[in-house]
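Novice: I would like the atomic coordinates for the input below:
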Amino acid sequence: MAAIDREHADWLQPLVESTLCGFDVDYNRPEFLTIHAQSITEMMDLAEAILAKAAHDPPPPLRWGSPSDEEQTADDHIEVDGQQSLFDH
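Specialist: Prediction:
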């Protein structure tokens, strides 16, 4: 599982796609995304792609803390397989 915000998901998205992995919503914890792959090979390809990209295009800095509900915008919600997921800033 990955507890990531929208900015980090956007940074990861092309890598997830290019390695034939995908995002999913954890039905027990819909505020979290999971990254799935058909096999460990694809997951290892994703790990390698993340390290390669981070070497020349580091991910956005981490932000700690939870914003209030009023600060959440419509862009902070995505839908995966009919489930809504919320990205915290």
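
Novice: use CA for all of it now, contacts and neighbours both
Specialist: Fine.

Novice: for S39, give its distance to A49.
Specialist: 16 Å (CA to CA, to the nearest Å).

Novice: quick one, which of those two is more surrounded?
Specialist: Ranked by neighbour count (other CA atoms under 10 Å), S39 and A49 place A49 first, with 18 against 10.

Novice: in this structure that one contacts E17, no?
Specialist: No - applying CA atoms under 8 Å as the test, A49 and E17 come out as separate, 10.9 Å apart.

Novice: contacts only, for the closest residue to E7 other than its chain neighbours.
Specialist: Nearest residue to E7, sequence neighbours excluded (CA to CA, 6 or more residues apart in numbering): P60, at 7.0 Å. The contact partners of P60, by CA atoms under 8 Å, 6 or more residues apart in numbering, come to E7, H8, W11.

Novice: for P60, which three-state class applies?
Specialist: coil (DSSP: H, G, I helix; E, B strand; the rest coil).

Novice: sorry, back to before: and which of the contacts of P60 is nearest V25?
Specialist: H8 (15.7 Å; CA to CA).

Novice: that closest one: how many residues sit nearby?
Specialist: 16.

Novice: next SSE after the strand or helix carrying it?
Specialist: Following DSSP states H and E, one finds H8 within helix 6-18. Proceeding N to C from helix 6-18, the next assigned helix or strand is strand 22-26, under DSSP H and E.

Novice: partners of that following strand in the sheet?
Specialist: strand 29-36 (antiparallel) (DSSP bridges).

Novice: so for the partner strand, mean pLDDT?
Specialist: Taken as a whole, strand 29-36 has an average pLDDT of 84.

Novice: alright, I will stop here.
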